[in-house]
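> whatever this is, show me its structure:
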Amino acid sequence: MNRLSGWLFTPMPLARVAVLRLLVFAFVVVDVLLLHTSGWYHGYADPVWYEPLVMGRVLHLPAATVLLVETLKWGCVAAAMAAMTGRAPRLLGWAVAIGWVWYQYVAFSYGKVDHDRADFVVALALLPTVGLAHLSDQRRSEAAGFALRAIQLAAVATYFLSAWAKIRFGGWDWVNSATMVRAVVRRGTPMAQWLLEVPWTLHWFQWVLFTAELTSPVIFLLSERWRRRVVAGWFVFHAMTYAAITIAFWPHLVMMLAFLPLEQYAAWLRDRWGRSGPTRPSPPAEERPDAQPAAGPTMRDVDHSVT
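Got it, this is the predicted structure:
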């Protein structure tokens with residue numbers, strides 16, 4: 001238990017949390033306004049179509065109204081933009097979490113539930129617990145370590161449980177049938193249409209995907225260098241998926257960044273921007289605040305000569 005506790009609460013840089021929070025809140029704005037916008041028009045739906053999820057039944061959440069969805073939508077945007085300043089991290093962070101989760105709930109209470117948003121909920125709930133954290137904060141914190149570790153676990157669980165669900169609900173036919181062929185036929189792009197002429201490639205890809213998801217927890221056993229490579233490999237996979245069938249797990253991709261040393265990338269960008277930005281000529285030595293006075297007797301010398 002001590003080893004498990006030490007692993008869960010390994011101190012991590014506060015700057016990493018600061019960078020991840022900035023990316024998370026920026027994504028909330030993009031998601032609400034551009035990506036996952038189905039929640040807003042449910043305010044116009046007849047309440048008879050409202051089918052509350054478990055959260056709605058427990059909290060007795062009402063059916064959507066125009067006023068409710070507009071408040072949640074623009075409240076999320078305003079709170080996220082305010083939270084990006086780094087001020088009041090707990091208050092603003094949890095305000096974003098409540099608004100965004102409720103807005104997603106409105107969307108999912110009238111249709112399917114997207115599983116790629118579970119780990120994002122974990123991030124919104126736990127990142128505010130770290131408190132104040134700045135982009136250049138070199139301190140390490142157990143609270144930061146736990147928040148980042150929980151996000152990592154949730155991100156990996158998304159992969160692993162997806163593999164388990166494939167076998168639980170689809171059986172081994174999921175990897176041995178024409179699952180990917182059907183996906184390409186339904187929503188394939190010109191880039192993927194040629195794969196229908198070589199169907200064994202899609203069958204092979206199903207097994208590769210299933211194996212990668214099933215073995216995803218191995219990432220916790222890898223070195224830092226290989227962990228970065230695995231994350232890069234997952235990003236390449238998601239890019240290929242989007243190029244082939246226009247499916248992307250945007251919030252999940254943001255959460256995968258918790259495996260990376262974001263504070264190092266941010267420092268590199270700041271350093272590069274500082275070197276490439278406009279430079280101002282240095283003032284003459286005598287005009288600089290820290291410039292030393294010209295050679296001559298000091299006050300101590302003067303006092304000594306007087307005495």
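> ok, P11 touching A143?
No - contact criterion Cβ atoms under 8 Å: P11 and A143 do not qualify, at 9.0 Å. All C-beta atoms are positioned from the backbone trio N, CA, C, and that covers glycine.
> who's more crowded, the two?
Neighbour totals were compared for P11 and A143, and A143 leads with 17 against 14 (other Cβ atoms under 10 Å).
> chain center to the helix or strand that the more buried one is a member of, what's the gap?
In the assignment (DSSP states H and E), A143 maps to helix 142-170. Remark: helix 142-170 is offset 13 Å from the chain centroid, using Cα atoms, centre = their mean, to the nearest Å.
> alpha carbons only: can I get stretch 88-97 in CSV?
The C-alpha coordinates for stretch 88-97 follow below in CSV (Å, rounded to 0.1, in the frame of the first residue of the first chain):
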residue,chain,number,x,y,z
ALA,A,88,-9.2,31.7,-8.4
PRO,A,89,-8.3,28.2,-9.7
ARG,A,90,-10.6,26.3,-7.5
LEU,A,91,-13.7,28.5,-7.8
LEU,A,92,-13.4,29.0,-11.5
GLY,A,93,-12.2,25.5,-12.2
TRP,A,94,-15.2,23.9,-10.5
ALA,A,95,-17.5,26.4,-12.1
VAL,A,96,-16.2,25.2,-15.5
ALA,A,97,-16.6,21.6,-14.5
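> show me where the stretch 51-200 of the chain has helices.
54-59, 66-83, 89-108, 118-126, 142-170, 173-176, 179-187, 190-193, 199-214 (DSSP state H, counting those that start in this stretch).
> now do the fifth one, average pLDDT.
Pointing back at helix 142-170 there. Regarding helix 142-170, the rounded mean pLDDT is 92.
> which positions in it come out as buried?
Residues 143-159, 162-163, 166 are the ones in helix 142-170 that count as buried (16 or more other Cβ atoms under 10 Å).
> report all helices and strands that it contacts.
Based on contacts counted as 3 or more Cβ pairs under 8 Å, 6 or more residues apart in numbering; DSSP states H and E, the elements that helix 142-170 packs against are helix 2-8, strand 12-13, helix 14-30, helix 118-126, helix 173-176, helix 199-214, helix 250-256.
> go with 6 Å
strand 12-13, helix 118-126, helix 199-214, helix 250-256 (3 or more Cβ pairs under 6 Å, 6 or more residues apart in numbering; DSSP states H and E).
> with that, I have no additional questions.
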